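Enquirer: All I have is the shape, not the residue letters:
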């Protein structure tokens, strides 16, 4: 055995189970690059640019609608294509399109020719790309690891999304303050190109493509979720989080200026605190045993996340920066417990043959996130951003409490369920392990 092989064998003993697959490692590193740019752009830079140009909370709502509506309208179609075509090609194309449009926006900012409608158009095109990117990515990484390691793979992917919340807002704030806002946008565009190239080169486990009429395939995804109440209520929680729970991030420019009285760099560190908490939550989910009380963890995490956001709104209202940071750290832990716990359950139990469509439906609920500004923006404009955050938190808490009280099947979930698929959709579940290297 070569020295390189011996080194890999030694490292594999200490790596998380999903990271022992070479193709998944490539995927993970590329995702880390692309998500860093995505979080810098959509969770901080574009919102900061829009508020800097307009100073009007209503434009923040317009921005949210511009991202959310195309993604929401096309997510199911994206899921169908992810099952019919090769998803890595769809991801590469979507990322390339986003990168090009974002680079053009950066040029406009550099030339001092940018206007609010340029940002809205960029957001709209990015929303279209997201509709084809999200379900395709969700159907890629389960084909890079064995099914027994999917929960760990979901946790590792979520480490990227939540861990980057430590780096990306802080990085965007540093780049904006010490270089320029166009530099931050250019960095995001470059990261999208990197992700596109790596996705196109991945080697996936073989899978029989879906066939049949598009509308019937979309209907199959609805029927499948409806026949599995666990999936239905996981998506309901995601819907509430997207529409009401994530508004604290989207409203952070207003909270920074009007309540917390801090600049871009300190807001970046504030959001980073929730990212640290989210990494801890990811570690908890990734370490769960097969028969753990996952239903109670998911619902309990959702209720505690709602409580944390209410406390954060009160702390921000009183301009308590350091208290807000501690609260968001705890909120990040509970955020991962219920969202990553729910997503890992979906990815573990949904069969490969319908995964793209189910994840497209899941992605449609997640795509509502920017649309949350449509309801939170006007509330923040007239009653204040802390009030908007608190009202959204109450919705999450109440919904999770109702599910806990009235759905014992969800509350008591702790193991695998049957992987039944619609009769119109043939299913192949080949437990082949992808190449490692």
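Expert: Arrived safely. Just so it is clear, the model here is predicted, and its values are computed rather than measured. Residues are numbered from 1 along each chain as shown.
Enquirer: thought residue 248 was touching residue 255?
Expert: Yes - counting by C-beta atoms under 8 Å, residue 255 is a contact partner of residue 248 at 7.4 Å. C-beta: built from backbone N, CA, C; applies to glycine.
Enquirer: Determine the residues that are contacts of both of those two.
Expert: residue 389 (C-beta atoms under 8 Å, 6 or more residues apart in numbering).
Enquirer: what separates the residue nearest the centre of the chain from residue 111, distance-wise?
Expert: Centre of the chain computed as the mean C-alpha position; nearest residue by C-alpha atoms, centre = their mean is residue 161, 6.3 Å away. The spacing between residue 161 and residue 111, counted by C-beta to C-beta, to the nearest Å, is 33 Å.
Enquirer: could you check the distance from the residue nearest to the centre of the chain over to residue 282?
Expert: 9 Å.
Enquirer: Residue 363 now?
Expert: Relative to residue 282, and taking C-beta to C-beta, residue 363 is found at 19 Å.
Enquirer: Ok, residue 387 next?
Expert: 31 Å.
Enquirer: More neighbours: which of those two?
Expert: For the pair residue 387 and residue 282, the greater number of neighbours falls to residue 282 (28 against 15), based on other C-beta atoms under 10 Å.
Enquirer: That one sits in which helix or strand?
Expert: helix 264-286 (DSSP states H and E).
Enquirer: Give me the distance from the helix or strand that that helix is followed by to the chain's centre.
Expert: Next helix or strand after helix 264-286 toward the C-terminus (DSSP H and E): helix 294-317. Centroid separation for helix 294-317 versus its chain: 18 Å, with C-alpha atoms, centre = their mean, to the nearest Å.
Enquirer: So which bits of helix 294-317 are buried?
Expert: For helix 294-317, a neighbour-count test (16 or more other C-beta atoms under 10 Å) marks 294-295, 297-317 as buried.
Enquirer: got it, and stretch 217-229?
Expert: For stretch 217-229, a neighbour-count test (16+ other C-beta under 10 Å) marks 217, 218, 220, 221, 223, 224, 225, 228 as buried.
Enquirer: From residue 302, how far off is the fourth one?
Expert: The gap separating residue 221 from residue 302 is 24 Å, by C-beta to C-beta.
Enquirer: what does residue 359 give?
Expert: 20 Å.
Enquirer: cool, and residue 192?
Expert: Residue 192 is 31 Å from residue 302, by C-beta to C-beta.
Enquirer: what's the answer for residue 284, then?
Expert: Residue 284 is 15 Å from residue 302, by C-beta to C-beta.
Enquirer: any low-confidence regions in the stretch 251-400 of the chain?
Expert: 264-265, 290-291, 352, 366-374 (pLDDT under 70).
Enquirer: again, 50 this time
Expert: Counting by pLDDT under 50, the stretch 251-400 of the chain contains no low-confidence range.
Enquirer: ok, now the stretch 1-150 of the chain?
Expert: In the stretch 1-150 of the chain, no residues with pLDDT under 50.
Enquirer: Which residue ranges of it form helices?
Expert: 3-12, 22-40, 46-54, 57-84, 87-110, 116-140, 150-178 (DSSP state H, counting those that start in this stretch).
Enquirer: And the contacts of the third one?
Expert: Surrounding helix 46-54, the residues in contact under the criterion C-beta under 8 Å, 6+ apart are 59-60, 63, 109, 114-116, 119, 122-123, 172, 176, 181, 250, 252-254, 257, 264.
Enquirer: Pull out the buried members of those.
Expert: Buried among the contacts of helix 46-54 by 16+ other C-beta under 10 Å: 59-60, 63, 109, 114, 119, 122-123, 172, 176, 181, 250, 252-254, 264.
Enquirer: Which element, helix or strand, includes residue 347?
Expert: Element membership for residue 347, per DSSP H and E: helix 321-349.
Enquirer: residues of that helix that come out buried?
Expert: 321, 324-349.
Enquirer: what about residue 270, distance to residue 348?
Expert: From residue 270 over to residue 348 the distance is 33 Å, taken as C-beta to C-beta.
Enquirer: Repeat that for residue 288.
Expert: Distance, residue 288 to residue 348, by C-beta to C-beta: 11 Å.
Enquirer: list residues touching both of those two?
Expert: Contacts common to residue 288 and residue 348, judged by C-beta under 8 Å, 6+ apart, are residue 151.
Enquirer: quick one: residue 304 and residue 332 touch, right?
Expert: No - taking contacts as C-beta under 8 Å, residue 304 lies outside contact range of residue 332: 11.2 Å.
Enquirer: just checking, residue 222 touches residue 361?
Expert: Yes - at 7.1 Å, residue 222 counts as touching residue 361 under the criterion of C-beta under 8 Å.
Enquirer: quick one on the thing from earlier: and the angle from the helix holding residue 282 to helix 46-54?
Expert: 150 degrees (axes from the mean of the first three to the mean of the last three C-alpha atoms, to 10 degrees).
Enquirer: Please identify the buried residues of helix 264-286?
Expert: By 16+ other C-beta under 10 Å, the buried positions in helix 264-286 come out as 264-265, 267-279, 281-282, 284-286.
Enquirer: Ok, stretch 16-32 next?
Expert: Under the neighbour-count criterion of 16+ other C-beta under 10 Å, stretch 16-32 has 16-28, 30-32 buried.
Enquirer: From those, pick the one nearest residue 233.
Expert: Of all the buried residues of stretch 16-32, residue 18 has the smallest distance to residue 233: 26.1 Å, by C-beta to C-beta.
Enquirer: if I read this right, that closest one contacts residue 149, doesn't it?
Expert: Yes - at 4.8 Å, residue 18 and residue 149 qualify as touching, with contact defined as C-beta under 8 Å.
Enquirer: And residue 287, its phi and psi?
Expert: phi -100, psi 0 (degrees, to the nearest 10).
Enquirer: how deep is it tucked in, by neighbour count?
Expert: Neighbours of residue 287 (other C-beta under 10 Å): 12.
Enquirer: Repeat that for residue 200.
Expert: Counted with other C-beta under 10 Å, residues neighbouring residue 200 total 15.
Enquirer: so who does it touch?
Expert: With C-beta under 8 Å, 6+ apart, residue 200 has these contacts: 88, 89, 92.
Enquirer: about what we covered before: mind checking the helices of the stretch 1-150 of the chain for the one nearest to residue 355?
Expert: Per C-beta to C-beta, nearest to residue 355 of the helices of the stretch 1-150 of the chain: helix 116-140, 4.7 Å.
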